[in-house]
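1. Give me a model of this one.
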Amino acid sequence: MISVFERNEKKCVIDLSTADRLASVFSEYMERDDYCSNSEGYCVNGIYFDTEDFKVARYSLSKPYYKEKLRMRCYELPTDNGSPVFLEIKKKIGKVGTKRRVLLSYGEAQAFINERRMPTGKDALTEQILSEMLYYLDRTGVSPSVFIKYRRIAMCGKQDKSLRITLDYDIMSRYDHVTFSNGGKCERLLPENKALLEIKFSSALPLWIVRLMSEENICFSGFSKFGSAYDKYGRKLSVNMKGNTFNAGII
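-> Residues are numbered from 1 along each chain as shown. Coordinates of the predicted model:
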């Protein structure tokens with residue numbers, strides 16, 4: 001499993017009809033990743049961490065040169081303490097994003113977040129990343145803040161494996177019941193007829209993508225699921241987040 005990523009990112013919101021056309025062209029140069037076992041793609045479930053006054057989200061929306069955030073992610077909702085989850089710390093410096101992540105069990109993740117208990121038996125790189133996350137938790141005082149889920153179709157380049165394109169559909173979020181369990185009502189972050197296109201690449205966009213975006217008259221404008229969730233719903237909240245503990249829930 002790759003634990004450290006560094007790449008440029010381009011994002012934009014597009015119509016579903018445009019997404020379908022693009023996906024057809026992408027298939028000439030790209031191939032589905034291992035998780036896309038069917039045409040519908042796969043589900044991504046994430047819990048994002050923030051302070052009681054939503055300092056991380058508000059700072060992200062200001063489009064700073066440098067920003068960072070912590071999230072918990074899983075592809076299949078946990079059913080017991082042994083279920084796998086990813087803990088990730090994402091940073092963005094200018095236009096370059098980095099992601100450092102570790103694979104933990106559900107039980108290890110809860111103990112790490114709530115009790116600051118380091119899991120045992122991990123390799124040196126995992127321990128280093130966890131120490132960085134521990135420092136971030138203690139420095140910022142963040143706690144579980146918002147749950148975000150969506151359906152993703154992911155592709156990687158046939159020739160250039162560092163090129164990755166994702167299409168995210170049905171992006172939903174909730175600020176209550178921030179767990180991985182099925183309870184709680186989610187609200188749409190994007191209209192039903194919209195999808196999020198994201199292109200990640202190591203150095204420069206391939207010429208065929210540049211031409212395709214020009215033909216489709218697509219301009220990259222950026223989109224943050226975490227920032228958009230706060231911008232759309234979080235501003236309305238008067239709930240005190242202080243003292244929340246991580247409990248991903250069991251379905």
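
2. What about Tyr48, how many residues nearby?
-> 25 (other CB atoms under 10 Å). Quick note: C-beta positions are derived from backbone N, CA and C, even for glycine.

3. And Met30, by the same measure?
-> Neighbour tally, Met30, other CB under 10 Å: 19.

4. ok, now how distant is it from Pro206?
-> Between Met30 and Pro206 the distance is 10 Å, computed by CB to CB, to the nearest Å.

5. who touches both of the two?
-> 157, 163 (CB atoms under 8 Å, 6 or more residues apart in numbering).

6. what mean pLDDT would you report for the helix or strand harbouring Ile171?
-> For Ile171, the element it lies in under DSSP states H and E is strand 164-174. Mean per-residue pLDDT for strand 164-174: 95.

7. what helices or strands is that strand leaning on?
-> helix 16-29, strand 143-157, strand 187-188, strand 194-201, helix 225-232 (3 or more CB pairs under 8 Å, 6 or more residues apart in numbering; DSSP states H and E).

8. Tell me the strands beside that strand, with direction?
-> Partners of strand 164-174 in the sheet, by DSSP bridges, are strand 143-157 (antiparallel), strand 187-188 (antiparallel), strand 194-201 (antiparallel).

9. Report the angle between the first one and helix 16-29.
-> For strand 143-157 against helix 16-29, the angle by axes from the mean of the first three to the mean of the last three CA atoms, to 10 degrees is 50 degrees.

10. Dump strand 143-157 to CSV, keeping only the CA atoms.
-> The C-alpha coordinates for strand 143-157 follow below in CSV (Å, rounded to 0.1, in the frame of the first residue of the first chain):
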residue,chain,number,x,y,z
SER,A,143,-12.5,16.4,16.7
PRO,A,144,-15.0,14.6,14.4
SER,A,145,-16.9,17.4,12.6
VAL,A,146,-18.6,16.3,9.4
PHE,A,147,-19.4,13.1,7.6
ILE,A,148,-19.1,13.1,3.8
LYS,A,149,-19.9,10.2,1.4
TYR,A,150,-20.0,9.9,-2.4
ARG,A,151,-19.8,7.4,-5.3
ARG,A,152,-16.6,7.4,-7.2
ILE,A,153,-15.3,6.1,-10.5
ALA,A,154,-11.5,6.2,-10.5
MET,A,155,-9.1,5.7,-13.4
CYS,A,156,-5.3,5.7,-13.8
GLY,A,157,-3.2,6.1,-16.9
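
11. Could you pull up the contacting residues of Pro64?
-> Contacts of Pro64 (CB under 8 Å, 6+ apart): none.

12. hmm, back to that, include distance to Leu163, mean pLDDT and mean neighbour count when you put the strands paired with strand 164-174 into a markdown table, please.
-> A markdown table is the format used below for the strands paired with strand 164-174 (distance: least, CB to CB, whole Å; pLDDT from 0 to 100; neighbours: other CB atoms under 10 Å):
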| stretch | distance to Leu163 | mean pLDDT | mean neighbour count |
| --- | --- | --- | --- |
| strand 143-157 | 4 | 94 | 21 |
| strand 187-188 | 29 | 92 | 12 |
| strand 194-201 | 5 | 95 | 20 |
